[in-house]
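J.: sequence first, predicted model second:
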Number of protein chains: 2
Amino acid sequence: MIDVARVRYIHPDQLKQFVRDVLLGLGASDEHAAITADALISSDLRGVESHGVANLWRYIRGLQEGWINARPQYRILSQTPAVMRFDADAALGFATGVWAMEKAMEKAGQLGVGVVSVRNSTHFGMAAYYSMIALKRDMIGVTMTNSGTLVAPTFGRLSMLGTNPIAVAAPAGGARPFVLDMATSVVPQGKISKYDWLGKAIPDGWVIDETGNTLTDTHKALHNLLGRKGGGLLPLGGEGEDHGGHKGYGLVLMVEILSGILSGSLYADLMYPKTPDGKQLPPDTGHLFMALNVSAFRPLDEFKASMDDLLQRVKNSPKAEGHSRIYIHGEKEFEEEERRRRDGIPLHETVVQNLRELTAPLGVKMP
Amino acid sequence: MIDVARVRYIHPDQLKQFVRDVLLGLGASDEHAAITADALISSDLRGVESHGVANLWRYIRGLQEGWINARPQYRILSQTPAVMRFDADAALGFATGVWAMEKAMEKAGQLGVGVVSVRNSTHFGMAAYYSMIALKRDMIGVTMTNSGTLVAPTFGRLSMLGTNPIAVAAPAGGARPFVLDMATSVVPQGKISKYDWLGKAIPDGWVIDETGNTLTDTHKALHNLLGRKGGGLLPLGGEGEDHGGHKGYGLVLMVEILSGILSGSLYADLMYPKTPDGKQLPPDTGHLFMALNVSAFRPLDEFKASMDDLLQRVKNSPKAEGHSRIYIHGEKEFEEEERRRRDGIPLHETVVQNLRELTAPLGVKMP
């Protein structure tokens, strides 16, 4: 179990400044460093630690090794007043994501919808971060990305696809907005790592082994997943078709097509390429961003009133035995963010130690 | 089990003509009758019987009782060159769906994307039918609809939302297109009916009872579902959050928002309203249609080559123990359609008998 005595609470602004300094030191522009820091700290504030500062090593390594580009030049490949495709030149995915969603919103502001497809990007962290930008302009935001090979197709026994998340944010009135952010696999890889760290066995129906059968040995599961030694995460719906595993697998493919194929990025098991001598190349990740301008469809106040009513109706409906609350997507994260803005972001001593060791050579001091 | 001796094979063209004649007799226009017949027979050809002619009673009743409008006037409520919202005036949902997808494609032909939101529609059958129209113009088609109250939210014990399907079709080159069509519940209601008909118990994790616990008594499940007596279908991912039930529930809500709320239709448990004395009113269903014009993003031949490669890579990946094939979404249905175009559509004698009794008073003879 987590030893609370070994947790340090750090003020979000201090942590943000720290991340900025690290990235500036590695050659990122003011803007890209600030956006990346904000996105990482937003993840930690929302309790999505798997996409927070604990992940900073990845971006440091990318910038140091050159497979993330500190000074990218975006190149627009096609454009209409409603859609755009561009090459992100291996920029920090966070900066790319914000730029792309803003372009989608500009277009949606004019025409009601904007769709921006991105090729040659890098890891952008928490997908909800981009969809939620649309909320500020009372738009619906949709974000998808393909990702590293971890998920086995239904009836397969080797990971061929990513956990390919979908994030959808829709504004409400008095109620909090709807913010869905989900890997299309039954669980993300981070959940297996967490179970491994806690020394717990994973439940049936999360991971299959190299024969294609479900396995509960967490350590073996993680070893297989990370080394791509056979088996993989199951898609949402689990093993086979009885509980809809083929639907989850369909959503994984849908995201692969809409983000990887439409943009002309790498896809499936081609992602995260390496040179023959094992050096990592730019991952060539593909994203899709869409903004729908609510008021181009329907008067905004009517939409918001209906949203409030829908969400209240569902929340207030009778609870299952043993449960006292029905959640709307995003609610847990909004409440966590309130707590953490007040109390600080809890970082485990191991994470603090790792960050210290990682950033000391860069001359940046962990707060 | 199904007694094959009690199955009749009927030529699709004969069945289509029959459905047309029935609908024309009930006052539908040539165009609406022809589209509806084609959509129903397409479902039967693809093996999706739950949305085929066995469902004709529903549309007959709607037209007879007036909650489906045989001679509707569509009313455009808002429009830009890229988006549109319209009121379908309770038309046959099939005709509405085709008209809406064609408008979305017109817009996508100009601008790369078209989004059409529909309010006050009626049941449109198989969602894939509309998404697949986009394939003819090398576009990606997306279709969503809200639907009658059947699904319980995670931690709830009463159905509050529909099985809210999503259908996505994307063109390929030599390979067959990708055609995903999925209820966002773990199974559609039709599957429970089928198990009931076969006298089989349903597996754990499909349906919950009035206490919110999973139940396997098929007859009770169906009784509860149809009468809304408590409990409901579980969202994709099943009970609770351990296997991602909250993700399926999130997809159900997403479809409710994008089809029901954005269009200004009814939603959640308000759908399928009745008068105080129990007469059915127009269901006021909401749909969303989107077309993405591939060539506005990326040269079409490149897209198709990547699609072929992606789908082949996944199909050719190693198989799980006991399985010899990995499917791409839509493949089973394309193969079924080939068989049925050759052999005819198999209708169980019970279905034939029901259709006979239903249509005899209309003076139309079942082939």
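T.: Nice, I can see it.
J.: count residues in the vicinity of the nearest residue to A:His348 once chain neighbours are set aside, would you?
T.: In space, and not counting its chain neighbours, A:His348 is closest to A:Val7: 5.7 Å by C-beta to C-beta, 6 or more residues apart in numbering or on different chains. The way it works is simple: take the backbone N, C-alpha and C, and place the C-beta from them, glycine included. Neighbours of A:Val7 under the rule other C-beta atoms under 10 Å in any protein chain shown: 14.
J.: where does A:Val7 land on pLDDT?
T.: A:Val7 is assigned a predicted lDDT (pLDDT) of 93.
J.: ok, it - contacts?
T.: The neighbours of A:Val7, taking C-beta atoms under 8 Å, 6 or more residues apart in numbering or on different chains as the test, are A:Pro346, A:Leu347, A:His348, A:Glu349.
J.: let's verify the second one: helix, strand, or coil?
T.: Of the three states, A:Leu347 takes strand according to DSSP: H, G, I helix; E, B strand; the rest coil.
J.: I figured it hits A:Ile10, correct?
T.: Yes: here A:Leu347 reaches A:Ile10: they are 5.9 Å apart, a contact under C-beta atoms under 8 Å.
J.: which SS class is the residue of chain A most remote from its centre?
T.: Residue farthest from the centre of chain A, counting by C-alpha atoms, centre = their mean, is A:Glu321 at 32.6 Å. Here A:Glu321 is recorded as coil under three-state DSSP.
J.: quick one, which of the contacts of A:Val7 are buried?
T.: A:Pro346, A:Leu347, A:His348 (16 or more other C-beta atoms under 10 Å in any protein chain shown).
J.: ok, the residue most central in space within chain A to A:Glu333 distance?
T.: Of all residues in chain A, the one closest to the mean position by C-alpha atoms, centre = their mean is A:Met126, 2.9 Å from it. Distance of A:Met126 to A:Glu333, given as C-beta to C-beta, to the nearest Å: 10 Å.
J.: tell me, what's touching these two both at once?
T.: A:Arg46, A:Val48.
J.: could you list the low-confidence segments of chain A?
T.: For chain A, applying pLDDT under 70 flags the ranges A:1-5.
J.: and the longest helix seen in it with chain B, contact?
T.: Ranked by number of residues, the top helix in chain A under DSSP state H is helix A:93-111. Yes: interface with chain B: helix A:93-111 contributes A:Gln110, A:Leu111 (C-beta under 8 Å from any C-beta of the partner chain).
J.: A:Thr275 - how many residues pack around it?
T.: Neighbours of A:Thr275 (other C-beta under 10 Å): 8.
J.: A:Lys365 now?
T.: So A:Lys365, with other C-beta under 10 Å, has 10 neighbours.
J.: now swap in A:Leu300 and tell me
T.: A:Leu300, neighbours per other C-beta under 10 Å, totals 15.
J.: list the residues that contact it.
T.: If you count contacts by C-beta under 8 Å, 6+ apart, then A:Leu300 has A:Asp138, A:Val294 around it.
J.: I'd like the distance between it and chain B.
T.: Noted for A:Leu300: a distance of 11 Å to chain B, by C-beta to the nearest C-beta, to the nearest Å.
J.: start and end of stretch A:197-210, how far apart?
T.: By C-alpha to C-alpha, to the nearest Å, the extent of stretch A:197-210 from end to end equals 22 Å.
J.: run a quick neighbour tally on the closest residue to A:Arg176 other than its chain neighbours.
T.: In space, A:Arg176 comes closest to A:Phe334 once its chain neighbours are excluded; the distance is 5.4 Å by C-beta to C-beta, 6+ apart. Applying other C-beta under 10 Å, we find 15 residues neighbouring A:Phe334.
J.: C-alpha coordinates for the host helix or strand of A:Phe334, CSV please?
T.: Under the criterion of DSSP states H and E, A:Phe334 resides in helix A:331-343. Taking Å, rounded to 0.1, in the frame of the first residue of the first chain, the C-alpha atoms of helix A:331-343 are listed here in CSV:
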residue,chain,number,x,y,z
GLU,A,331,-16.9,14.9,-11.9
LYS,A,332,-14.3,13.0,-9.9
GLU,A,333,-11.5,14.9,-11.6
PHE,A,334,-13.1,18.3,-10.9
GLU,A,335,-13.4,17.4,-7.2
GLU,A,336,-9.9,16.1,-7.1
GLU,A,337,-8.7,19.4,-8.7
GLU,A,338,-10.4,21.4,-6.0
ARG,A,339,-8.7,19.4,-3.3
ARG,A,340,-5.3,19.6,-4.9
ARG,A,341,-5.5,23.3,-5.6
ARG,A,342,-6.1,23.8,-1.9
ASP,A,343,-3.8,21.1,-0.5
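J.: please list all residues in contact with the closest residue to chain B within the stretch 251-367 of chain A.
T.: Nearest residue of the stretch 251-367 of chain A to chain B, counting by C-beta to the nearest C-beta: A:Ala320, 2.4 Å away. By C-beta under 8 Å, 6+ apart, the contact list for A:Ala320 reads B:Ala152, B:Phe155, B:Gly156, B:Arg157, B:Ile208, B:Thr211, B:Gly212, B:Asn213.
J.: contacting residues around A:Met182?
T.: So A:Met182 contacts A:Pro165, A:Ile166, A:Ala167, A:Leu236, B:Gly244, B:Lys247, B:Gly250, B:Leu251 (C-beta under 8 Å, 6+ apart).
J.: which of those residues has the largest number of neighbours?
T.: That'd be A:Leu236 among the contacts of A:Met182, by other C-beta under 10 Å, with 31 neighbours.
J.: how about the nearest residue to that one, chain neighbours excluded?
T.: Closest to A:Leu236 by C-beta to C-beta, 6+ apart is A:Gly248, at 3.1 Å.
J.: next, that neighbour: secondary structure please.
T.: A:Gly248 ends up helix, using three-state DSSP.
J.: verify the stated contact: it with A:Gly237.
T.: Yes: judged on C-beta under 8 Å, A:Gly248 makes contact with A:Gly237 at a distance of 4.1 Å.
J.: and those two? Which one has more around it.
T.: Using other C-beta under 10 Å as the criterion, A:Gly248 and A:Gly237 rank with A:Gly237 on top: 31 against 28.
J.: for the closest residue to that one other than its chain neighbours, what are its contacts?
T.: Residue nearest to A:Gly237 in three dimensions, not counting chain neighbours: A:Gly244, with 3.4 Å by C-beta to C-beta, 6+ apart. Going by C-beta under 8 Å, 6+ apart, A:Gly244 touches A:Leu236, A:Gly237, A:Gly238, B:Met182, B:Val186, B:Val187, B:Leu236, B:Gly237, B:Gly248.
J.: then A:Thr154?
T.: A:Thr154 touches A:Pro235, A:Gly240, A:Glu241, A:Gly245, A:His246, A:Tyr249, B:Ile326, B:Tyr327, counting by C-beta under 8 Å, 6+ apart.
J.: list buried residues within those.
T.: A:Pro235, A:Gly240, A:Gly245, A:His246, A:Tyr249, B:Ile326, B:Tyr327.
J.: noted, bye for now.
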